[in-house]
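Participant: Have a look; sequence and predicted model below, questions after that.
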Amino acid sequence: MFGLDHNTQVVAAAAAMTGAAAGIAGSLLTLRKRALLGDALGHATLPGIALAYIASVWLGGSGREPVVLMLGAALGGLAGLASLALIRRLARVSDDAAMAIVLGSFFGLGTALLTLIQSSPSGHAAGLATLVTGHAASMVTDDAVIAAGVALVCMAVVGMLSKELSLLCFDEGFAQTLGRRTKVLDAVVLLVATCVVVAGLRSVGLVLIVALLIIPAAAARLVVDRFVPMLSVAAIVGALSGVIGTLVSASAPDLPAGACIVLAAAALFGIAAVCAPRNGVIARVRGAMP
């Protein structure tokens with residue numbers, strides 16, 4: 001494939017699939033005005049990863065099995081969502097304050113657990129620490145298959161429920177009058193976002209996956225106004241970011257792939273912000289001219 005070595009092909013394929021799924025999930029979060037929820041989700045996965053490592057070692061495993069760590073990350077994300085819902089229900093705090101509480105407390109717990117793992121006789125937290133910032137270069141084919149599988153399932157779910165999710169995002173009240181189960185649909189959005197965060201841990205890490213969730217969606221929002229086209233454009237921007245970032249990192253090995261992927265997404269957003277047909281800088285300047 002274009003003269004690239006096998007490892008680069010694997011990383012590029014996984015990053016492209018993850019970027020596409022992140023663009024779609026991020027569009028749903030953006031339209032639901034829950035962009036910060038991705039940040040809380042990402043940080044909530046850390047204690048889940050650490051506990052999965054501890055459980056695996058206690059049961060005789062190596063603690064680094066990708067499936068085990070991803071399962072732990074998913075459970076951590078779901079626990080973060082449950083905590084967020086509980087705080088909203090029991091405490092009189094705003095949504096952003098509740099998300100900040102979940103983000104800070106779960107990340108603090110995860111950091112403490114990683115420190116304990118590192119100080120234990122059999123603990124080597126370096127492999128886990130890379131999940132915070134990502135370490136795409138260490139991905140193998142099995143990692144890419146898992147990430148791509150999760151991304152494909154998420155995209156398929158959103159595709160099958162596109163009409164219902166469109167109603168939810170643009171007019172929740174109307175969706176309720178039509179008998180749509182909005183709470184179930186909202187749970188689907190959160191579950192899809194959680195799965196995408198988990199799928200992106202190896203390639204970009206739990207910190208940068210938040211940016212990959214939001215930046216492609218923001219770029220797509222500048223370019224198109226309709227629901228399905230927005231999802232499509234966001235998926236394309238996310239996939240292109242994954243491929244471009246991987247290629248840049250492969251040509252400059254000192255640059256981490258996760259950071260390059262997010263910077264590629266930011267560059268594409270910059271292009272959209274300037275060149276978007278109706279909402280771009282050029283279009284607005286032309287519109288303001290007499």
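Facilitator: On my side now, so go ahead.
Participant: so where do the helices sit in the stretch 101-250 of the chain?
Facilitator: 126-133, 141-160, 162-170, 172-177, 182-199, 205-223, 227-251 (DSSP state H, counting those that start in this stretch).
Participant: So which elements touch the fourth one?
Facilitator: With contacts defined as 3 or more C-beta pairs under 8 Å, 6 or more residues apart in numbering; DSSP states H and E, the secondary structure elements packing on helix 172-177 are helix 162-170, helix 182-199. For glycine as for every other residue, the C-beta is placed from the backbone atoms N, C-alpha and C.
Participant: Need the winner for burial among the ones you listed.
Facilitator: helix 182-199 (a mean of 21; mean count of other C-beta atoms under 10 Å).
Participant: State the mean pLDDT of it.
Facilitator: Helix 182-199 carries an average pLDDT of 84.
Participant: centre of the chain versus it, how much separation?
Facilitator: 11 Å (C-alpha atoms, centre = their mean, to the nearest Å).
Participant: now swap in stretch 45-64 and tell me
Facilitator: 22 Å.
Participant: Sketch out the low-pLDDT regions of this protein for me.
Facilitator: 1-4, 62-64, 120-139, 143, 202-203, 207, 287-290 (pLDDT under 70).
Participant: mind listing what the residue nearest to the spatial centre of it touches?
Facilitator: Residue closest to the mean C-alpha point of the chain, counted by C-alpha atoms, centre = their mean, is residue 197 at 3.7 Å. Residues near residue 197 by C-beta atoms under 8 Å, 6 or more residues apart in numbering: 38, 41, 42, 45, 73, 77, 206, 209, 213.
Participant: What is the burial count for the second one?
Facilitator: Spelled out, it's residue 41. 33 (other C-beta atoms under 10 Å).
Participant: where's it, which helix or strand?
Facilitator: Using DSSP states H and E, residue 41 falls within helix 35-58.
Participant: Report the buried residues of that helix.
Facilitator: The neighbour-count check on helix 35-58 (16 or more other C-beta atoms under 10 Å) flags 35-54, 56-57 as buried.
Participant: Also stretch 5-23?
Facilitator: Within stretch 5-23, the residues that qualify as buried by neighbour count (16+ other C-beta under 10 Å) are 7-23.
Participant: Would you mind measuring from the residue nearest to the centre of the chain to residue 175?
Facilitator: 25 Å (C-beta to C-beta, to the nearest Å).
Participant: want to throw the contacts of residue 197 into CSV with distance to residue 187?
Facilitator: Below are the contacts of residue 197 laid out as CSV (distance: C-beta to C-beta, whole Å):
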residue, distance to residue 187
38, 16
41, 13
42, 19
45, 18
73, 19
77, 13
206, 22
209, 20
213, 18
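Participant: Pick out the most distant pair among these.
Facilitator: The distance between the two most remote of those (C-beta to C-beta) is 14.8 Å, for 73 and 213.
Participant: Could you check which of the two has the larger neighbour count?
Facilitator: residue 213 (33 against 29).
Participant: What strand or helix carries the residue lying closest to the more buried one once chain neighbours are set aside?
Facilitator: The shortest distance from residue 213 to any non-neighbouring residue, by C-beta to C-beta, 6 or more residues apart in numbering, is to residue 26 (3.8 Å). Assigned by DSSP H and E, residue 26 belongs to helix 6-31.
Participant: For that helix, name the packing helices and strands.
Facilitator: helix 35-58, helix 141-160, helix 162-170, helix 182-199, helix 205-223, helix 227-251, helix 257-275.
Participant: between that helix and helix 141-160, what angle do the directions make?
Facilitator: Orientation check (axes from the mean of the first three to the mean of the last three C-alpha atoms, to 10 degrees): helix 6-31 against helix 141-160 gives 30 degrees.
Participant: now helix 6-31 and helix 162-170, what's the angle there?
Facilitator: 50 degrees.
Participant: chain center to helix 6-31: distance?
Facilitator: 8 Å.
Participant: same deal with stretch 27-38?
Facilitator: Worked out by C-alpha atoms, centre = their mean, stretch 27-38 lies 11 Å from the chain centre.
Participant: Quote the end-to-end distance of it.
Facilitator: 11 Å (C-alpha to C-alpha, to the nearest Å).
Participant: Now for residue 84: which residues touch it?
Facilitator: Here residue 84 is in contact with 37, 40, 98, 99, 102 (C-beta under 8 Å, 6+ apart).
Participant: Just name the closest of those residues to residue 272, please.
Facilitator: Out of these, the member with the shortest distance to residue 272 (by C-beta to C-beta) is residue 37, at 22.8 Å.
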